[in-house]
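Asker: what follows is a protein structure lacking sequence information:
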């Protein structure tokens with residue numbers, strides 16, 4: 001389950017790096033590794049932004065992790081945890097203050113000097129200033145107070161429990177150069193696909209839209225040497241095409257579909273290792289409550305009750321995915337034991353709701369990402385809704401087009417949006433799941449335009465509570481509110497299966513199967 005948008009205000013990405021320029025360095029000076037160790041991977045999304053404060057998907061974060069230094073970084077393995085990276089110390093001073101001390105000697109490329117506390121301050125504060133889609137990662141962030149060149153204090157308006165698992169080790173924690181970004185953008189806004197400087201183990205050598213991304217070693221990197229001289233990333237948005245590319249030897253690491261796991265296992269290749277992971281994602285059907293055809297809650301409830309989730313999972317995942325009880329996956333604080341509406345739904349009850357609404361011959365559209373799984377889900381829902389007299393037209397779109405349908409900043413398409421299939425990635429804290437359904441996110445990532453003062457109140461309160469049982473109660477209620485609105489039908493949390501060529505690489509992932517390229521090693 002990787003065809004996700006991962007909640008970042010989806011900008012249109014800027015201009016391609018036509019000449020392959022590495023942050024002030026001509027391509028001719030790049031470290032090409034024709035004879036070196038090369039990591040070749042499939043990425044299920046074409047890049048739109050390599051600005052860590054304005055990334056548009058989790059896949060971009062897989063890449064930006066290689067290019068910039070965060071205060072802390074996720075550990076690979078089966079347990080969630082993090083290690084210090086740019087910071088040599090992170091200390092919780094009190095519930096609203098966290099002091100950091102940076103390692104000395106981390107350099108930005110392009111002659112932009114050493115990474116300092118001023119860059120950390122700029123990185124966090126620009127996200128808030130420009131109301132980036134990453135803003136919710138920072139929760140009630142207020143400011144960074146500088147103590148000296150390497151030390152500062154991150155200040156929050158209220159306690160913010162998710163800071164350790166969301167903000168610091170993820171995209172919003174990747175530090176950019178204030179001088180470089182201000183020179184490139186004038187106002188500190190997004191630089192899209194034109195990074196002005198790097199501070200990580202790799203630099204961007206070349207990017208061609210829909211073709212490839214090439215990373216090579218950063219000659220100014222002074223930290224531990226990564227395992228590969230070069231990382232070649234091929235965007236393959238269709239998961240079946242990614243499987244074929246792997247089998248053909250074009251890539252050595254790829255995510256595969258749930259229905260292909262048994263095929264790979266039944267015809268094992270001696271050089272292939274298959275690994276399966278519990279996903280932190282969630283797949284769901286949403287409805288635009290502000291669309292005239294969906295304003296009546298009885299219409300929305302009719303759609304909810306007409307949907308048979310196990311049928312969808314059989315069609316899209318060969319029955320190899322769990323039935324979601326809400327947006328928060330199993331094993332995480334706030335996971336519900338069951339949804340309010342049974343997985344199988346009830347066609348008779350669905351028809352009763354339509355009769356109550358006085359609606360007949362209803363025609364709707366359903367938007368989805370043009371991957372195999374999302375399209376199959378949409379087509380299955382189309383067939384299910386026909387059973388209660390609702391005709392549905394499926395609109396399958398490429399990631400960039402689909403990612404903007406609910407965003408007011410991209411024009412008026414949101415007004416025409418009716419039903420949509422979202423496949424969203426998660427991180428190891430329940431706040432990351434609920435933050436996108438607040439009133440403040442209407443017209444950004446809250447495509448259903450759900451509004452609830454109670455939900456907003458609970459969301460703000462839950463992020464301040466350390467006791468897991470007390471936190472969980474608030475997240476149970478928030479998911480109930482989402483379901484009671486009629487605008488959401490939760491389908492699955494999915495799963496993640498990956499294959500890699502064990503004779504060439506030792507793969508490294510987070511506990512949910514997301515690759516951590518910096519931790520990959522040659523076999």
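Answerer: That came through, no problem. For clarity, every value in this text was computed on a predicted model and none was experimentally measured.
Asker: every contact and neighbour count from this point should use C-alpha atoms.
Answerer: Fine.
Asker: now do the same end-to-end measure for stretch 90-105.
Answerer: Terminal residues of stretch 90-105 are spaced 18 Å apart (C-alpha to C-alpha, to the nearest Å).
Asker: buried ones in that stretch?
Answerer: Applying a neighbour-count criterion of 16 or more other C-alpha atoms under 10 Å, one finds 90, 96, 97, 98, 99, 100, 101, 102, 103 buried in stretch 90-105.
Asker: how about the residues you listed in a markdown table, adding distance to residue 257?
Answerer: Output for the buried residues of stretch 90-105, formatted as a markdown table (distance: C-alpha to C-alpha, whole Å):
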| residue | distance to residue 257 |
| --- | --- |
| 90 | 39 |
| 96 | 42 |
| 97 | 43 |
| 98 | 41 |
| 99 | 43 |
| 100 | 41 |
| 101 | 43 |
| 102 | 41 |
| 103 | 41 |
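Asker: which of those residues sits closest to residue 460?
Answerer: Taking C-alpha to C-alpha as the measure, residue 460 lies nearest residue 96 of those, at 14.5 Å.
Asker: I'd say that closest one and residue 161 touch.
Answerer: No. Residue 96 lies out of contact with residue 161 (C-alpha atoms under 8 Å); the separation is 9.6 Å.
Asker: in strands, which of the buried residues of stretch 90-105 appear?
Answerer: The strands, defined by DSSP state E, take in 90, 97, 98, 99, 100, 101, 102 from the buried residues of stretch 90-105.
Asker: the third one touches residue 153, doesn't it?
Answerer: Right, residue 98. Yes. Residue 98 lies in contact with residue 153 (C-alpha under 8 Å); the separation is 5.4 Å.
Asker: what residues are up against residue 137?
Answerer: Applying C-alpha atoms under 8 Å, 6 or more residues apart in numbering to residue 137 gives the contacts 163, 166, 167, 172, 432.
Asker: what about it, is that helix, strand or coil?
Answerer: Here residue 137 is recorded as helix under DSSP: H, G, I helix; E, B strand; the rest coil.
Asker: against residue 352, how distant is it?
Answerer: Separation of residue 137 from residue 352 (C-alpha to C-alpha): 41 Å.
Asker: picking up where we left off before, the contacts of residue 137 in helices, which ones?
Answerer: Of the positions in these, residue 432 sit in helices, assigned by DSSP state H.
Asker: show the buried residues in the contacts of residue 137.
Answerer: By neighbour count, with 16+ other C-alpha under 10 Å, the contacts of residue 137 hold 163, 166, 167, 172, 432 as buried.
Asker: from the residues you listed, which single one is nearest residue 513?
Answerer: Comparing the buried ones among the contacts of residue 137 against residue 513 with C-alpha to C-alpha places residue 166 closest, at 16.7 Å.
Asker: name the helix or strand for residue 65, please.
Answerer: Per DSSP states H and E, residue 65 falls inside helix 58-67.
Asker: other residues contacting that helix?
Answerer: Residues from elsewhere that reach helix 58-67 (C-alpha under 8 Å, 6+ apart): 4-6, 43-45, 47-52, 55, 170-171, 174, 198-204, 425, 514-518.
Asker: what's the average pLDDT for that helix?
Answerer: Mean pLDDT, helix 58-67: 94.
Asker: how far away from the center of its chain is stretch 263-272?
Answerer: 29 Å (C-alpha atoms, centre = their mean, to the nearest Å).
Asker: over to stretch 224-238?
Answerer: Put simply, stretch 224-238 sits 19 Å off its chain's centre (C-alpha atoms, centre = their mean).
Asker: go on, stretch 327-335?
Answerer: From the chain centre to the centre of stretch 327-335 is a distance of 17 Å (C-alpha atoms, centre = their mean).
Asker: buried sites along it?
Answerer: 327, 328, 329, 330, 333, 334, 335.
Asker: do the same with stretch 349-366
Answerer: Buried residues in stretch 349-366, counted by 16+ other C-alpha under 10 Å: 349, 350, 351, 352, 353, 354, 359, 364, 365, 366.
Asker: now, those residues that are in strands?
Answerer: Filtering these for membership in strands, criterion DSSP E, returns 364, 365, 366.
Asker: where does this protein have low pLDDT?
Answerer: The model of the chain has pLDDT under 70 over residues 1-36.
Asker: so where do the helices sit in it?
Answerer: Remark: helices assigned in the chain by DSSP H are 58-67, 117-129, 178-185, 239-247, 261-266, 297-306, 309-317, 347-357, 372-386, 399-402, 413-416, 431-434, 453-462, 468-484.
Asker: got a markdown table for those, with distance to residue 219 too?
Answerer: Compiled in a markdown table, the helices of the chain are given as follows (distance: least, C-alpha to C-alpha, whole Å):
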| stretch | distance to residue 219 |
| --- | --- |
| helix 58-67 | 12 |
| helix 117-129 | 21 |
| helix 178-185 | 18 |
| helix 239-247 | 30 |
| helix 261-266 | 39 |
| helix 297-306 | 55 |
| helix 309-317 | 44 |
| helix 347-357 | 62 |
| helix 372-386 | 40 |
| helix 399-402 | 33 |
| helix 413-416 | 45 |
| helix 431-434 | 36 |
| helix 453-462 | 44 |
| helix 468-484 | 45 |
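Asker: how far is stretch 183-197 from where the chain is centred?
Answerer: Relative to its chain's centre, stretch 183-197 lies at 22 Å (C-alpha atoms, centre = their mean).
Asker: let me fix that, I meant to ask about stretch 67-81.
Answerer: Remark: stretch 67-81 is offset 15 Å from the chain centroid, using C-alpha atoms, centre = their mean.
Asker: just the buried residues of it, please?
Answerer: 67, 68, 69, 70, 71, 72, 73, 74, 75, 76, 81.
Asker: bridging residues for the third one?
Answerer: Okay, so that is residue 69. Note on residue 69: beta-bridge partners residue 175, judged by DSSP bridges.
Asker: and it, how far from residue 464?
Answerer: 27 Å.
Asker: next: the fifth one.
Answerer: According to C-alpha to C-alpha, residue 71 stands 22 Å off from residue 464.
Asker: contact partners for the residue lying closest to residue 455 once chain neighbours are set aside?
Answerer: Distances taken as C-alpha to C-alpha, 6 or more residues apart in numbering put residue 478 closest to residue 455, at 5.7 Å, once the chain neighbours are dropped. Residue 478 sits next to 434, 455, 458, 459 when contact means C-alpha under 8 Å, 6+ apart.
Asker: please name the nearest non-neighbouring residue to the third one.
Answerer: Put plainly, it is residue 458. residue 474 (6.1 Å).
Asker: my guess is residue 321 meets residue 491, correct?
Answerer: No. Using C-alpha under 8 Å, residue 321 is not in contact with residue 491, being 9.5 Å away.
Asker: so what's residue 206 bridging to?
Answerer: With DSSP bridges as the rule, residue 206 is bridged to residue 214.
Asker: pretty sure it is touching residue 213, no?
Answerer: Yes. Applying C-alpha under 8 Å as the test, residue 206 and residue 213 come out as touching, 5.9 Å apart.
Asker: which neighbours do these two share?
Answerer: With contacts defined as C-alpha under 8 Å, 6+ apart, no residue is shared by residue 206 and residue 213.
Asker: what's around residue 299, how many residues?
Answerer: 24 (other C-alpha atoms under 10 Å).
Asker: quick one: contacts for it?
Answerer: Residues counted as contacts of residue 299 (C-alpha under 8 Å, 6+ apart) are 353, 354, 357, 359.
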